[in-house]
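# Give me the fold of what follows.
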Amino acid sequence: MEFSVLMSVYYKENPEYLKRALDSILNQTITADEIVLIKDGPLTKELDDAIANYEEKYIAILRVLSLENNVGLGEALNYGVRHCKYDLIARMDTDDIALPTRFELQMKEFIENKELALCGGQIAEFENDPQIISGYRKVPLTQAAILKFAKKRNPFNHMTVMFRKQAILDVASYQDMPYFEDYWLWVRILQKGYVVKNVEQVLVNVRAGAEMLARRGGWIYAKSSFYYYKVLSENNFLCSLDFIWIVILRMSISMLPISIRQQIYKLKLRNQGNNNEN
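A predicted model of the protein is given here:
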């Protein structure tokens, strides 16, 4: 089975992180048939130079598409999905590191189940050194558990997913939903009744730390959370009571000082150095 890898990069990203991400994709036990890299607006010279080097070296596999202006992750990925050649598409972020067997494990699932539309997996988080894991984000494995989990939190680790292009297009692909573009897409996939799962293995080592926590706090993030869960309620994915308590909890945590949020994040939302499922 042929498949694409979809990535998006914008000007604030680190060229060294991008190189490590690309290397991890290129050194898989099963090689992708194409890598589609979207330039979300103008980049720095360092990023452009790094991408040009990979284009020259991997001309047969790497396709770089440029957007004139920075449109944000959701729109950039929406553009990328439409331009991927193959029905199977694997998502990857440009600052993370895929484990060598990631694609092999996921392709096995799609080969064994022709009805499968989306397959994700677990992540291990690190701050500076990928060899020093600070925690794990474990997501549920089965369709029923994923649906239940999605009522409260994102049931997939976005940077691990592989999906069928036609299923994504069928639910109108990525849409404008700041901070929640992927979560909103998964909810629509679930509501449509598509078959989904997560594998139990860690597929990607993910760069975490203070910068990530900073993005997930503050008034703007709190407002975005309120709007997102309001949309879920209006689309009958959440009942009124669930909407109320989730919004209160989410907005309260978002407004806490980052030091306190960091402790909540580590103690309640992550597995510390173990492989237990949430």
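# all strands of the stretch 51-200 of the chain, in order?
Ranges of strands in the stretch 51-200 of the chain, per DSSP state E, counting those that start in this stretch, are 62-67, 88-91, 97-98, 116-126, 133-137, 162-164, 195-207.
# Mean pLDDT lowest where, among these?
With a mean of 90, strand 133-137 has the lowest mean pLDDT of those.
# tell me the angle that strand makes with strand 116-126.
Angle between the axes of strand 133-137 and strand 116-126 is 150 degrees (criterion: axes from the mean of the first three to the mean of the last three CA atoms, to 10 degrees).
# Just the element for the nearest residue to L232 once chain neighbours are set aside, please.
Nearest non-adjacent residue to L232, counting by CB to CB, 6 or more residues apart in numbering: L238, 4.6 Å away. Where C-beta positions appear, they are placed from N, C-alpha and C, glycine not excepted. Here L238, judged by DSSP states H and E, is contained in no helix and no strand.
# what sits against L238?
With contact set as CB atoms under 8 Å, 6 or more residues apart in numbering, L238 has these partners: 151, 229, 232, 246.
# what residue lies at the spatial centre of this protein?
For the chain, the residue nearest the mean C-alpha position is H158 (1.9 Å; CA atoms, centre = their mean).
# Restricted to buried residues, select the contacts of L238 in PyMOL.
Here is the PyMOL selection string for the buried members of those, based on 16 or more other CB atoms under 10 Å:
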select buried, resi 229+232+246
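# Tell me, how many residues neighbour E234?
By other CB atoms under 10 Å, 10 other residues sit near E234.
# Could you measure from it over to R20?
E234 is 41 Å from R20, where distance means CB to CB, to the nearest Å.
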